[in-house]
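**Q** sequence plus predicted model, see below.
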Amino acid sequence: MNLKLIKNAENVEDSILLGNDKILVKEYFDSKYPGIRQAKYYIYNLTTNEKYEILPKFFKLDIFRIVDAGKRKEYVYFVQYNNHDGVFNFVRYDYKTKKILVLYTIHEDIKKFYTDKKLSIFVLDESNIIVQTEKLRRNLSDNYEGYFDFELMLYMSKEGKSYTVVDENFVNNGISDMIPVSDNLLAIKTGFSLLEDDRYQILDKFEVSVESVSLVNTKQLISDLIINQNSIIMDNIDQAYYKQTIPYISASGDYLIYSKIDNETREESIFFYNTVNKTVLTCINKDITNAKKLAQPLVIHNKPYIRVNKSKKTEFLNLKNKKIELSFASDKIINDICGDIFIITEQKKGLFGNIKNYICVYKYPTMAILHSEKGEYRYSLYDGDSLYIFEK
């Protein structure tokens, strides 16, 4: 493993590792449009310690939700807004060649996007996107405004063609998340969680969406959308409705991770679905009243674990053997866990008895120390080969 420490790092918490020792750094500022932030994007070369802004003359807004569902981050995507003619351009920027391509153009009054409409753009590959329009509506009791009617479209930028999405699941429930599991396999969550805003107590049964977790081949998904399939062929992993809700999905190693909350008992069932051998490991977490109380599942060295935070220590439960395999005293701050690498801040006494913070890097399972250096941890990025630790 290649380890690099970057000192005096600033504004890296919202960054993405691109490859070739380059990261994308985003910065946000208030704009003149209510509730909409202006955005600036920078490419930071960690080898040369150089940073440049991507197309500074382009006025960029953090207005639409952009989900890059590609496993390899080959491009940077952003929204450019021309306030003279009210045009939004969804732009793809190639950070290797510094060339741009406008993938999609939207003609719309910006005021609608801070009153009654949202837009999500899901990038399937370098030229195919799903545009999901979410129109805000109130519930029947007229005491909540936070769920949506959906319209979806597949747009193929190379051909300049668009296809209306008619799949009942997508149209009725909307896509809430889409993440890459491998180069050509996507995990898709449809339907929106009832945990947010405690929607279970607000919405009637027939108002809520059906939530589901599925796997689908990216190329197959595009093909099915083109031929206007009413029911897209997907490998349905799990489903929830009304009395149960799915607050999140994530992917790590061979595992797709998600949980289901029983809205009456407030019990959370955590699932580790192995995408290779199709096996499932699960455990229970009780008394879930808000998102902060959700369990902390993770994959270490391609093994499923649950992180358990206690008052005097932090433990890691191996779900396969049901044993606590790792334990850290509360004075050791676990900054991040990347694959089989633990980044921990430890306090050590100096020559004159003063306490100093040290960033220590350990490798699981032996927990051999790979590096220890005085410093203040800020952020880390890991791509499986290189680990970048940013210090304050």
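**A** Structure received. Numbering: from 1, shown residues only.
**Q** can you pull out the low-pLDDT segments for the stretch 1-150 of the chain?
**A** Within the stretch 1-150 of the chain, the ranges that satisfy pLDDT under 70 run 139-140, 142-147.
**Q** try 50
**A** Applying pLDDT under 50 to the stretch 1-150 of the chain flags no residue at all.
**Q** give me every residue that touches residue 371.
**A** Taking C-beta atoms under 8 Å, 6 or more residues apart in numbering, we find residue 371 in contact with 3, 5, 359, 360, 361. C-betas here are computed from N, CA, C, even on glycine.
**Q** write a PyMOL command that selects only the buried members of these.
**A** Paste this into PyMOL to select the buried members of the contacts of residue 371, with burial taken from 16 or more other C-beta atoms under 10 Å:
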select buried, resi 5+359+360+361
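**Q** in JSON lines: the contacts of residue 371, plus secondary structure.
**A** As requested, the contacts of residue 371 are exported to JSON lines (DSSP: H, G, I helix; E, B strand; the rest coil):
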{"residue": "3", "secondary structure": "strand"}
{"residue": "5", "secondary structure": "strand"}
{"residue": "359", "secondary structure": "strand"}
{"residue": "360", "secondary structure": "strand"}
{"residue": "361", "secondary structure": "strand"}
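**Q** now, among the contacts of residue 371, which is nearest to residue 213?
**A** Taking C-beta to C-beta as the measure, residue 361 is the one of those closest to residue 213, at 33.8 Å.
**Q** isn't that closest one right up against residue 370?
**A** Yes: between residue 361 and residue 370 there is a contact under C-beta atoms under 8 Å: 4.5 Å.
**Q** need the residues touching each of those two.
**A** Shared contacts of residue 361 and residue 370 (C-beta under 8 Å, 6+ apart): 3, 341.
**Q** tabulate the contacts of residue 371 (JSON lines), appending distance to residue 110.
**A** Converted to JSON lines, these look like this (distance: C-beta to C-beta, whole Å):
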{"residue": "3", "distance to residue 110": "45"}
{"residue": "5", "distance to residue 110": "42"}
{"residue": "359", "distance to residue 110": "44"}
{"residue": "360", "distance to residue 110": "48"}
{"residue": "361", "distance to residue 110": "46"}
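**Q** which one among the contacts of residue 371 gets closest to residue 221?
**A** Distances from residue 221 to the contacts of residue 371, taken by C-beta to C-beta, are shortest for residue 3, at 37.8 Å.
**Q** quick one: the nearest residue to the closest one once chain neighbours are set aside and residue 6, what's the gap?
**A** Using C-beta to C-beta, 6 or more residues apart in numbering and skipping residues adjacent in sequence, the residue nearest residue 3 is residue 387, 5.1 Å away. Taking C-beta to C-beta, to the nearest Å as the measure, residue 387 falls 11 Å from residue 6.
**Q** and the two? which has more neighbours close in?
**A** Higher neighbour count among residue 387 and residue 6: residue 387, with 22 against 18, using other C-beta atoms under 10 Å.
**Q** picking up where we left off before, the residue nearest to residue 3 pairs with what?
**A** Taking DSSP bridges as the rule, residue 387 bridges to residue 3, residue 382.
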